[in-house]
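J.: take a look and give me a structure for this.
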Amino acid sequence: MIDMTTAPFGALILRLALAFLFFAHVYLKLFIFKPAGTVGFFKSLGLPGWFAYVTIVWEILGATALLFGFMPRLAALAMIPVMAGTVVKVHGPAGFWFTNPNGGWEYPVFWIVTLLVFALLGDGAAAIVATPALF
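T.: Now for the predicted structure:
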């Protein structure tokens, strides 16, 4: 049974946590690795360098939409391919445990699950623009 009194606030907390995590993820690309380093890393994975910039913008837009609640269910679904890409290109080959060298896929897959769960739960409290009916 879902408590409809508190569920919107649970979804809000999950939405804000996901936004924070994506902002932290993009912070790493912008201020630690720097855009040039991120481009180099993408190239080392066999991806085109320009895809690093697409990913950076995608993460900023997705995190912002989640933070403010701008069609957040749609934003969560749109972020799943970013995390799926990290599983396939970066963390998948490292095995399951995230503590493995190069980080395993346990954490990015959990992140995908939380994005999907959020999309199924609803926009949460305080969304500025509700997501149109998805299901």
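J.: quickly find the element holding the most centrally placed residue in the chain.
T.: Against the mean C-alpha coordinate of the chain, by Cα atoms, centre = their mean, the closest residue is residue 79 at 4.7 Å. Under the criterion of DSSP states H and E, residue 79 resides in helix 72-86.
J.: right, and the helix or strand after that helix?
T.: Per DSSP H and E, helix 72-86 leads on to helix 106-121 as the next helix or strand towards the C-terminus.
J.: which helices and strands sit right next to that next one?
T.: helix 7-27, helix 72-86 (3 or more Cβ pairs under 8 Å, 6 or more residues apart in numbering; DSSP states H and E). All C-beta atoms are positioned from the backbone trio N, CA, C, and that covers glycine.
J.: please work out which of the ones you listed is packed deepest.
T.: Mean neighbour count (mean count of other Cβ atoms under 10 Å) peaks for helix 72-86 among those, with a mean of 21.
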